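>>> Fold the following and give me the result.
(chains A and B)
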Number of protein chains: 2
Amino acid sequence: MKTIRIGMIGLGTVGGGTAAMLEKNRGFINKTANANIVMDKILVRDINKERPRVNPDLLKLLTDNPDDIFLNEDIDIIVEVMGGVELALTYVKKALNLKKHIVTANKDMMAVHANELFDLAEKNGALLLFEASVCAAIPIVEVLKKSLAGNKISRILGILNGTTNYILSKMDSEGIEYSNALQDAMDKGFAESNPESDVMGYDSGRKLAILAAIAYNMRVEYDDVFIEGITKITADDISYASELGYRIKLIADAKYIDGGVKVNVNPVFMPETHPLAKVDGIYNAVYIESDMAGETMLYGKGAGAEATASAVVGDIIAIAKDICENSIANTGYTLFNDRKILGHKNAVSKFYLRLDVRESPGVLSKIAGVLGDHEVSIYSVVQAKAYAESAEIAIITHGVVEENMQNALNEIKNLKIVNEISSVIRVEDK
Amino acid sequence: MKTIRIGMIGLGTVGGGTAAMLEKNRGFINKTANANIVMDKILVRDINKERPRVNPDLLKLLTDNPDDIFLNEDIDIIVEVMGGVELALTYVKKALNLKKHIVTANKDMMAVHANELFDLAEKNGALLLFEASVCAAIPIVEVLKKSLAGNKISRILGILNGTTNYILSKMDSEGIEYSNALQDAMDKGFAESNPESDVMGYDSGRKLAILAAIAYNMRVEYDDVFIEGITKITADDISYASELGYRIKLIADAKYIDGGVKVNVNPVFMPETHPLAKVDGIYNAVYIESDMAGETMLYGKGAGAEATASAVVGDIIAIAKDICENSIANTGYTLFNDRKILGHKNAVSKFYLRLDVRESPGVLSKIAGVLGDHEVSIYSVVQAKAYAESAEIAIITHGVVEENMQNALNEIKNLKIVNEISSVIRVEDK
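So this is what the prediction gives:
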């Protein structure tokens, strides 16, 4: 049995989980890989940092000298779990140029630099696997690249962030406001102390860029993604959604239209019968529409040390097997389609609007009039709650062009009878 | 670009779908595989049979002479979509001995002969891929073999048959009886005119044997699976389940306990919060519990020409890539664990019982007494409907040993006050 040596960069949550998993399941992992997989060296910034929860045997492998990994000819696979973009990118490029195989969990890097990294990997005959970079334990990269390879994919809809799904699920099940649900997520360790990247949708956007590129064989990058977070969602919105047979989810949506790709992340009214509407709590799911397989969905844990390690180790085993059987095949995604990213302003969506208006006669007809002027037609007025001096109006529109909607909203915002446009949320067809 | 030639055995629903898919998506399939994939010959029993829906170009490829495929040196991959066991097995063995790679959709064959076929494939350096044999478009074989390879799997729960899931969903949503739901499934083409293999659970049992073998690296065969179908489920059972917060599903369950594997297919009261409880209609899903990835679920179409073709073509592309890159790795599952199949009689389950009893005083205490004698304790008596001369009692038990339950049932059956044991259904923990 051949020995395959790993050099790991980083020993944070994911690195620790990966090392622990390789140790815990060593027996059958080695049988499955038909190789003896050994952690050889771990590159960290500060070897003297206190690491009370790390197995003492691992501490012996620490080094702060990159040469111990890159120039070590015994090392076959470099596992990059340090995170961040610039230094990680430098290290990964260096490793590929030295013909080392790479396993990475780094979505920030892959969402922007996948293209150049794959070129580099291919040029050097090295493998670059990255299952852990999108939704941790959900094997979506493998499934898109292999299992569905013969399908024309038309749409990917995903709940790609566990923090926001937890918050929205909590708001829904307990009728509480966003800030309370966020606090609860923080208390339980499901949200970071600075939750911006999650709640603003940035994290979902990075993952979506990676998935869209694989699914549509086209260069898609983070900056292409239109992003709106969940911070403006209120308990009222969730309650209106529920009355109407919807659940509000932060949806990452990559759609193929006439040779182009439209990518956006925003809250959506999902019909409660849709499989994604039933995904609750910290779980993630990716729903794929394709011409032959039809509707497919993968569900699982999209974050956490163990779930991410599961994906990293799956990739390590795959490479170890390939090395042992002398069958290193190119595994990069083949971005053979011309890049065509569709703008957002011509997109057609249904909308839910919630408006805080002055209580006065004719207010609804006034608003309907402005909407009509911009070719926005109303599907239904959901409810009009009246208070002492104000009223709340919730409206669902028919499918309308984004630009028209925005123009209408700009005009409505300035109407004297309108105190505030409280919510604007896209609605998925039932 | 290298040309990869396919010889296909069978031109039924799946064969037709596969040929159509290769034709329809030829452009990007070839780009993805980096190969020119060509259907070369199709072996059928009767080349003169009317095939009005088949593309005339394909009809030119028909042959009834096996030598045209097996002895054709140009053919790289043999796609077996003829179905049945004996002749298919003969053909697949012959092909492997001739070092041809195999893609098969044949669950009947794989559920019984996987072991010997993998040995043969390995001996001949040929690949044997079989994603289509379990749940069609759901990429469960790939995910178990690769993505989750580093995980210790503890349980697989699956809805592996679309016909039965459609029937149960229909009974649930419309409150109708089994026979009406079955008729509806037949009318819609979701059930065959002889639905035995589906409704008796045999089809699910075959798929489960294949999945359990992969997940637990152990030889598991169809005969190991304890099987009960759905034919005895009534609208009353479904309604009781619903009142209690459950949905009745036909569940294929492969559990790892102390080095052994217990495999069974039977109706189960699934808690309505469980992801599988939310899988409706013809859809299939496989839910996996593992030590690092945690809970993972794959959902999709488990049958049908197009969904099955999706899996067949995925496997064809994988082999074509490997041939072109000269990287044929062994892809058989490695059954390195000793075979230990656990019997059913020591299994512990909760049960739901529905009894038709005579209306007489003390009937419940009598039944409770018999259950108690066999160490079956009652968790709750759900309802006791009274009619003119009879009554219906529904009981949920605590977890009990199967053998004790069966002994208790044998005794209860013979009580004078009991007209009939109407239902005995296992209950999954909430």
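>>> which other helices and strands contact whichever helix in chain A runs longest?
For chain A, the helix with the greatest residue count under DSSP state H is helix A:305-324. Contacts defined by 3 or more CB pairs under 8 Å, 6 or more residues apart in numbering or on different chains; DSSP states H and E place helix A:305-324 against strand A:2-9, helix A:13-24, helix A:26-33, strand A:35-43, strand A:75-80, strand A:101-104, strand A:128-129. From N, CA and C alone the C-beta is placed, and that goes for glycine too.
>>> rerun that using 6 Å as the cut-off
Packing partners of helix A:305-324 (3 or more CB pairs under 6 Å, 6 or more residues apart in numbering or on different chains; DSSP states H and E): helix A:13-24, helix A:26-33, strand A:35-43, strand A:101-104.
>>> Does the following helix or strand past the shortest one reach chain B?
So that's strand A:101-104. Toward the C-terminal end, the helix or strand that comes next after strand A:101-104 (DSSP states H and E) is helix A:107-124. No: on the criterion CB under 6 Å from any CB of the partner chain, helix A:107-124 is out of touch with chain B, staying 11.1 Å away.
>>> Helix A:107-124 relative to strand A:75-80, how many degrees between them?
150 degrees (axes from the mean of the first three to the mean of the last three CA atoms, to 10 degrees).
>>> per-residue confidence averaged over helix A:107-124?
For helix A:107-124, the mean pLDDT works out to 93.
>>> got it, and stretch A:299-312?
Rounded mean pLDDT across stretch A:299-312 is 96.
>>> From the structure, what's the count of residues near residue A:270?
Residue A:270 sits with 24 neighbouring residues when counted by other CB atoms under 10 Å in any protein chain shown.
>>> do the same with residue A:264
Neighbour number of residue A:264 under other CB under 10 Å is 25.
>>> ok, so what distance separates it from chain B?
To chain B, residue A:264 is 24 Å away according to CB to the nearest CB, to the nearest Å.
>>> List the buried residues for the longest helix of chain A?
Using 16 or more other CB atoms under 10 Å in any protein chain shown as the test for burial, helix A:305-324 gives A:305-324.
>>> ok, back up a step: the helices and strands packed on helix A:305-324: which one's closest to residue B:139?
helix A:26-33 (18.1 Å; CB to CB).
>>> list the helices and strands the closest one packs on?
helix A:305-324.
>>> how about a cut-off of 7 Å?
Contacts defined by 3 or more CB pairs under 7 Å, 6 or more residues apart in numbering or on different chains; DSSP states H and E place helix A:26-33 against strand A:35-43, helix A:305-324.
>>> Please state the offset of the worst-scoring helix or strand of chain A on mean pLDDT from the chain centre?
Taking mean pLDDT, DSSP states H and E as the measure, chain A has strand A:378-386 as its least confident helix or strand, at a mean of 82. Counting by CA atoms, centre = their mean, to the nearest Å, strand A:378-386 is centred 33 Å from the centre of its parent chain.
>>> What lies in contact with it?
Strand A:378-386 is contacted from outside by A:240, A:244, A:350, A:359, A:364, A:368, A:371, A:391-398, using CB atoms under 7 Å, 6 or more residues apart in numbering or on different chains.
>>> Strand partners (parallel or antiparallel) of that strand?
Paired with strand A:378-386 in the same sheet, following DSSP bridges, are strand A:390-397 (antiparallel).
>>> Helix or strand next in line after the strand it pairs with, which one?
The helix or strand immediately downstream of strand A:390-397 is strand A:400-401, counting by DSSP H and E.
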